[in-house]
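Could you look at this predicted model? Sequence included:
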Amino acid sequence: MTQAAVPILMYHQFTPRPAPEFRRYTITPRRFAAQMTCLSLMGYRAVGLDAVLQRRHALPRRPVVITFDDGIDGCCEYAMPVLTARRFTATFYVVAGLVGQRSRWTRPEVGIELPLMDWPALRTLRAAGFDLGSHTMSHPRLPTLSAAACHEELGASRRLLEDRLGHEVAHLAYPFGAFDAAVRSVAADAGYRSACSTRPRLATAEDDPLALPRVNVYGHDSLLDFACRVWSARSARDLIHRRRASPAVPSPT
């Protein structure tokens, strides 16, 4: 990776009418447009994971990676036009075994299920130039699985996506951000070039490509919070509390 820290932003759902149960992870289209405008005004330019990891192209002075987990319906309708208008690229992580169905894994977590994008929607994203990555077959907590089941979740999802979409799938996001050394090894064996966690900080050159941190963007974030997260991976309130908690440094004079 480059020497400068790079924010890898993580989004989930987009809708003008968020469900209360999933409001924390839902961004309204209007707020997303404002956030992308904020990125542009701050001088950030969206780049793909390969450009960051392999340095195949000269990176802009302030690169940002934009990622979307789960493949929840609404990305094509609401997120894609905003990104396209600003010439921003992005990676969409797809739960391959549930394409066109519902998010079964959210039922025990928040009490509701959400509709997922179907294959035509995913092909539309791909045709528009966006990258599609794997989010496993069924969105399990990978460290809880047997070695064989983990291999199936990571390997089968990549094969299915490549078969149905007709392009290489080289990037992975761990469901729930959960992984350990064994899961990382399986991801490497499955041929992934990168894998994202949910560890909340900016990515640096020292980070393992198969254990990348990200910056979660929350539905309740103000535009100031968003700008602070992009810059530091912390909200404005977190930065203020951290500053207040820091011990005073005596003056040298």
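Thanks, I have the structure now. Residues are numbered from 1 along each chain as shown.

show me where the stretch 51-200 of the chain has strands.
Using DSSP state E, counting those that start in this stretch, the strands of the stretch 51-200 of the chain run over 63-68, 91-94, 131-134, 171-173, 194-200.

quick one, what contacts E162?
168-169 (Cβ atoms under 8 Å, 6 or more residues apart in numbering). (Glycine included, C-beta is placed from N, CA and C.)

if I pick L142, what's in contact with it?
Remark: with contacts taken as Cβ under 8 Å, 6+ apart, L142 is in contact with 136, 150, 153-154, 174-175, 178-179, 183, 186.

Please, a PyMOL command that selects the buried ones among these?
Filtering these down to the buried ones (16 or more other Cβ atoms under 10 Å) takes a single PyMOL command:
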select buried, resi 136+150+153+154+174+175+179+183+186
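
can I get the contacts of L142 in JSON lines with pLDDT and distance to S103?
Listed next are these as JSON lines, based on pLDDT from 0 to 100; distance: Cβ to Cβ, whole Å:
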{"residue": "T136", "pLDDT": "98", "distance to S103": "13"}
{"residue": "C150", "pLDDT": "98", "distance to S103": "20"}
{"residue": "E153", "pLDDT": "98", "distance to S103": "16"}
{"residue": "L154", "pLDDT": "98", "distance to S103": "19"}
{"residue": "Y174", "pLDDT": "98", "distance to S103": "16"}
{"residue": "P175", "pLDDT": "98", "distance to S103": "11"}
{"residue": "A178", "pLDDT": "98", "distance to S103": "16"}
{"residue": "F179", "pLDDT": "98", "distance to S103": "20"}
{"residue": "V183", "pLDDT": "98", "distance to S103": "21"}
{"residue": "V186", "pLDDT": "98", "distance to S103": "23"}
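
Which of the contacts of L142 fall in helices?
Residues of the contacts of L142 located in helices (DSSP state H): 150, 153-154, 183, 186.

out of the strands of the stretch 51-200 of the chain, nearest to L39?
Evaluated over the strands of the stretch 51-200 of the chain, closeness to L39 peaks at strand 63-68, with 6.1 Å, by Cβ to Cβ.

Given the closest one, what are its sheet partners and their directions?
Within its sheet, strand 63-68 is paired with strand 8-11 (parallel), strand 45-46 (parallel), strand 91-94 (parallel), according to DSSP bridges.
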